[in-house]
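A.B. asks: just to be clear, the model below is a prediction. Sequence and coordinates:
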Amino acid sequence: MKPTTTLCLSLVALCGLAGAALADDAYPSRQVDYIIPFGPGGESDITARLQQPYFKDKFGQDLVVSYKPGGGGAVGWSQLNSMEGDGHTIMGVNLPHIIVKPQTGDVGFKTDDITNVYMFHFTPDALIVNADSDMKTLEDYVAYAKENPKRLTASGSGKGTANHLAQVRFDELAGIETTYVPFQGTGAAVTALLGNQVKGEWGYTTVGATQGDAVRMLAVAMDERHPAFPDVPTFKELGYDIVSGAYRGIAVPKSTPEDVRQKLSDMIAEINADEKFQKQMIDGGFALLDVGYGAAMDEFMATKSDEYIAAGKSAGLID
Amino acid sequence: MLDYFIAAFSPLNVVLALAGVAAGTIIGSIPGLTATMAVAVLVPFTFAMAPESALILMGAIYTGAIYGGAYAAILLNTPGTPSAIATTFDGYPMAKRGDGDLAVTIACLSSVVGGLVGALALLFLAPPLARAALAFGPVEYFWLAIFGLSLISALSAGDFLKGMIAACFGLILAMIGISEISAEVRLTFGSPTLLGGIEVISALIGLYCVPVLIDLVATPERHLEAGDNPRGFRLSEAIATLSRNLWNLARSSAIGTMVGALPGAGGSIAGLVAYSEARRSARDRQTYGKGNPGGVIATESANNATVGGGLIPTLVLGIPGTPPDAVILGALLVQGVRTGPTLFESGASIVYTFIFGLLLATILMLPVGLFIGRFAYGAIVRAPKAALVPVVAFMTIIGAYAIRNSISDVGVMVVLGVIGWIAANRGFAVSPIVLGLILGRIAEQGFVQSWTIGAAIEDLPGQFFGRPLSIAIIALTAITFIYPFVPRLRAGRGPADDATAAVLRRQPANAAAKLREVLALGAFGAIAAVVIAQMAGRTAEAAVFPLTAAIAMAVFVLGALAKLAITGIVTEESAPGSFVRRAMVPLVMLVTVGLIPHLGFGASCALMGLALYVVADHQRQSLAQHALAVASVLMVIVGATYAFRVFLSVPLPGGALF
């Protein structure tokens, strides 16, 4: 090899290294595309929109939300790893979806294919009845279900979802048998409740926040009472060990370097720590969560996988 | 109340309303760019605004986009938004015979009237209408979807059995992918691209627009008849037409408001129901589907009435009435405005300022819509065919892509376009396929939910047939379905006033025609058989609907074969002109789909533009003229690619070039 060629090659290599180092230091160096694998208007979209202004304020780059709906998220997640992995493409992830769906058949991705970087909030499950319902407490609900096996109908968003698995788990713990009626999305499930088409709804605390006095939450599936609803008991207080809901976070393509993953995780944590952001989330009925990249995430996913797969099996969704 | 009125008319809000309507109209006119997307793109910009102004801007862009959908429906036979499907039924035949300008003006006037009715209902009747909407349960949605399907008997293009087969095919297409309510993967044949199902809007673009492109290149004839001298807006003619259709206008606006207020229905169904009712009750029923302005009036007034109607449950119940409302709701939440039962009391100023702003935007739509409409008409009519074809083909590709940023949706769009063209050519109308595709999911969900509830309360018959609202919808369905048959039943024959019967040649069949007919029917029979086989071993809730559709399809295929054997009559369309040119259109488009990930979106589409220019060119003209036309085609393609990337944040693939 001629000296000049060697020189050129080493120069090129040096530039490359310098470029890579610069890119890392500068992340995010341009707008970050935030793909929501659902349509606009749902909880995933709303919470992404809530993060949007804080991201711009704190890190100086735009966070651009776009949508890739289809197959209850499967279309987006199955394409995640084919996207560019430099931290400028990130995607929303939802539990139990990414755990339960791959168990039910070939949906184009496996749970382990997804590189979760941060889980930033969850919408706790809540059992909700119409405000004019005779069922005033969770006890009334259980009593009605015991007297009328299967006749108690409860709506919820989709099958194999947080709502559905909560219904299955609660029925088991309470020793009752109710009928779950799946609807497409929370909005449709709430409509059915408000129109008295069903007797109850397995929804989220967010429903309580939007519907106010029109509905009554019988219990919420949290460790402690939700700050926005101090009067609503938790299932735990009432003797049913359920802490669950739909968990939402952010994932990146597999090719994303370790340091970028960690940096992104720290950034999302910083937004979560902002008091104004926290207040907006809590007022909306959401519950904040901080599971960052690394061991914490691995442990969180392992625990949740066990829970959801067990619930999915008793719901007959997983063979 | 006066304060709110004055607040709505602040200079800033007037400017926002004007800009919103104009932007919405333009976005809505591009097939594939929906009102939902138009509103969603806007959300980040509204963060910095006062909530009232943000709402007015979003409401204006929404109402404009719903109206803008009419242009492509009338001028290209392609519903720019699903709300405009029924606009194609009469709008496109009007344009074909040279009344495109009149149809656009009528659409504008009807949209303004419908929009005003919807907004006024929102202002005065919101709480009672919201309560009425809640009376609609899963059963009612099921029957409403069946009511929409009853239009098939009117849209079957001269062959009722073939119309039913096409509708079953549409129902089956709707079942592909992961089912929302049974969570099962159906009919994807292991393909990950089909997991998300057939995207309705890209399917609409394929089924309606691609066949138009295919036929356009075959002959040198003009795309649309054009009047020799400019006739302005033809406003007085349009007003005269509207005044002859006052009852139609009022009823369609009311239907649009009410259906819009149903959270599970939306604009596409409102337009179809209003069209169906207009046609059924019209004295000149025979001319519906052949360019009767009444069809355009019904659809366009109904779909713009859904804007105000859809905001009723959004603001009163906190439940989005239509997909764009879901985005508005989310944007409001980010602003810290809580919709729902408390909003009308606690946030009254925002609500009323917004409603007045919406009224203002709707009124502004009259001048804005007329001018943009005039421009759109002029552009489509005057454009030489060789330039029109590549530009429209480009629009279909970018539109199909933008809905969920998916290149495979574009492929599906082109393939469905070819299927649509072949089916139409063999006498299977496209509209029943579309009805099946759109209404299939609503019907299935309503059916499975009603069945679940009915089984739980141990009263299935009562659940399906015992509720007063259901009975009313069933009765209306029966009337609509049987009506077309009545005169002929007396004479002992099939449907008489079929919408598009005149288009088809009923051939005394020769052997070749009979063979073609048997092959076409056989193809649909084979599809039915595959679906039936695929449903074996599924849970009841996942299998019941596809199985019903497939069995019905098989029965109709056997019926059609029997009819062929007995009567020997074949219905098919003639396809004059060059077959090679025809085949080149989908071929070039499919190659483009394959090239996009490698060369980049802009570069591949520019190449496609060049290829389709050659395919569509029938004119003898100088090299300079050609160069000018090609240059403008390329400018549109490259310009629109950048505009989509920069202004609409659509992540179009960059590839190796651009």
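C.D. replies: Looks like it came in fine.
A.B. asks: and stretch B:431-441, how far from the chain's centre?
C.D. replies: Computed by C-alpha atoms, centre = their mean, to the nearest Å, the chain-centroid distance of stretch B:431-441 equals 10 Å.
A.B. asks: contact partners of that stretch?
C.D. replies: B:82, B:85, B:89, B:145-146, B:148-149, B:151-152, B:155-156, B:163-164, B:166-175, B:180, B:198, B:200, B:203-204, B:207-208, B:268-269, B:272, B:420, B:423, B:545, B:549 (C-beta atoms under 8 Å, 6 or more residues apart in numbering or on different chains). To be clear about C-beta, it is placed using only N, CA and C from the backbone, and glycine gets the same treatment.
A.B. asks: and those residues near chain A, which?
C.D. replies: B:E180 (C-beta under 8 Å from any C-beta of the partner chain).
A.B. asks: which of the contacts of stretch B:431-441 are buried?
C.D. replies: B:82, B:85, B:89, B:145-146, B:148-149, B:151-152, B:155-156, B:163-164, B:166-175, B:180, B:198, B:200, B:203-204, B:207-208, B:268-269, B:272, B:420, B:423, B:545, B:549 (16 or more other C-beta atoms under 10 Å in any protein chain shown).
A.B. asks: outline the domain layout of chain A.
C.D. replies: A:29-121+A:247-314, A:124-220 (automatic domain parsing).
A.B. asks: who are the contact partners of the residue lying closest to B:L18 once chain neighbours are set aside?
C.D. replies: Excluding the flanking residues, the one nearest B:L18 by C-beta to C-beta, 6 or more residues apart in numbering or on different chains is B:L364, at 5.4 Å. Residues in contact with B:L364 (C-beta under 8 Å, 6+ apart) are B:17-18, B:21, B:60.
A.B. asks: OK, contacts around B:G522?
C.D. replies: Here B:G522 is in contact with B:V557 (C-beta under 8 Å, 6+ apart).
A.B. asks: wait, A:P227 touches A:I282, no?
C.D. replies: Yes: counting by C-beta atoms under 8 Å, A:P227 touches A:I282, with 5.4 Å between them.
A.B. asks: okay, those two: which has more neighbours?
C.D. replies: A:I282 (17 against 11; other C-beta atoms under 10 Å in any protein chain shown).
A.B. asks: quick one: the more buried one from chain B, how far?
C.D. replies: A:I282 sits 12 Å away from chain B, going by C-beta to the nearest C-beta, to the nearest Å.
A.B. asks: run a quick check on that residue versus A:L288, I expect a contact.
C.D. replies: Yes: using C-beta under 8 Å, A:I282 is in contact with A:L288, at 7.4 Å.
A.B. asks: what about A:A273, how many residues close to it?
C.D. replies: Neighbours of A:A273 (other C-beta under 10 Å): 11.
A.B. asks: and the one 3 residues further on, by the same measure?
C.D. replies: Using other C-beta under 10 Å as the criterion, A:K276 is surrounded by 9 other residues.
A.B. asks: that one: which element?
C.D. replies: helix A:275-283 (DSSP states H and E).
A.B. asks: tell me the confidence at residue 131?
C.D. replies: Since you didn't name a chain, this refers to chain A. Note on A:A131: pLDDT of 95.
A.B. asks: please go with chain B instead
C.D. replies: 88.
A.B. asks: try the one 10 residues further on
C.D. replies: At B:Y141 the predicted local confidence, pLDDT, stands at 92.
A.B. asks: B:V557 versus that one, what's the distance?
C.D. replies: Between B:Y141 and B:V557 the computed distance is 29 Å (C-beta to C-beta, to the nearest Å).
A.B. asks: try B:F356
C.D. replies: Taken as C-beta to C-beta, the span from B:F356 to B:V557 is 56 Å.
A.B. asks: more crowded one of these two?
C.D. replies: B:V557 (25 against 22).
A.B. asks: chain B contacts on the stretch 201-319 of chain A?
C.D. replies: Looking at chain B, the residues of the stretch 201-319 of chain A close enough under C-beta under 8 Å from any C-beta are A:209-214, A:280, A:283-284, A:317.
A.B. asks: put the buried members of those into a PyMOL selection.
C.D. replies: Buried residues within those, by 16+ other C-beta under 10 Å, are selected in PyMOL with:
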select buried, chain A and resi 209+210+211+214+280+284+317
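A.B. asks: and the residues of the stretch 201-319 of chain A next to chain B as CSV, adding pLDDT?
C.D. replies: Shown next, in CSV, are these (pLDDT from 0 to 100):
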residue, pLDDT
A:A209, 88
A:T210, 86
A:Q211, 88
A:G212, 87
A:D213, 88
A:A214, 91
A:Q280, 91
A:D283, 89
A:G284, 88
A:L317, 81
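A.B. asks: pick out the residue in the stretch 51-200 of chain B sitting closest to chain A.
C.D. replies: Relative to chain A, the nearest point of the stretch 51-200 of chain B is B:G196 (2.2 Å; C-beta to the nearest C-beta).
A.B. asks: give me the number of residues near B:A529?
C.D. replies: 14.
A.B. asks: poorly predicted segments of the stretch 101-250 of chain B, please.
C.D. replies: B:157, B:226-231 (pLDDT under 70).
A.B. asks: same check on chain B?
C.D. replies: For chain B (pLDDT under 70), the answer is B:1, B:157, B:226-231, B:266, B:342, B:345-348, B:484, B:486-509.
A.B. asks: and the strands in it?
C.D. replies: For chain B, strands defined by DSSP state E occupy the ranges B:177-178, B:185-186, B:505-508, B:569-572.
A.B. asks: separation between B:I438 and B:L75?
C.D. replies: From B:I438 to B:L75 the distance is 22 Å (C-beta to C-beta).
A.B. asks: one more: B:I214?
C.D. replies: Separation of B:I214 from B:L75 (C-beta to C-beta) stands at 17 Å.
A.B. asks: name the residues of the stretch 151-300 of chain B found near chain A, please.
C.D. replies: Going by C-beta under 8 Å from any C-beta, the residues of the stretch 151-300 of chain B near chain A are B:177-178, B:180-185, B:190, B:192, B:195-197, B:199, B:263-264.
A.B. asks: hmm, B:G420 is touching B:V212, no?
C.D. replies: No: using C-beta under 8 Å, B:G420 is not in contact with B:V212, being 9.9 Å away.
A.B. asks: residues contacting the nearest residue to B:A383 once chain neighbours are set aside?
C.D. replies: Nearest residue to B:A383, sequence neighbours excluded (C-beta to C-beta, 6+ apart): B:V391, at 7.5 Å. With contact set as C-beta under 8 Å, 6+ apart, B:V391 has these partners: B:383, B:609, B:633, B:636-637.
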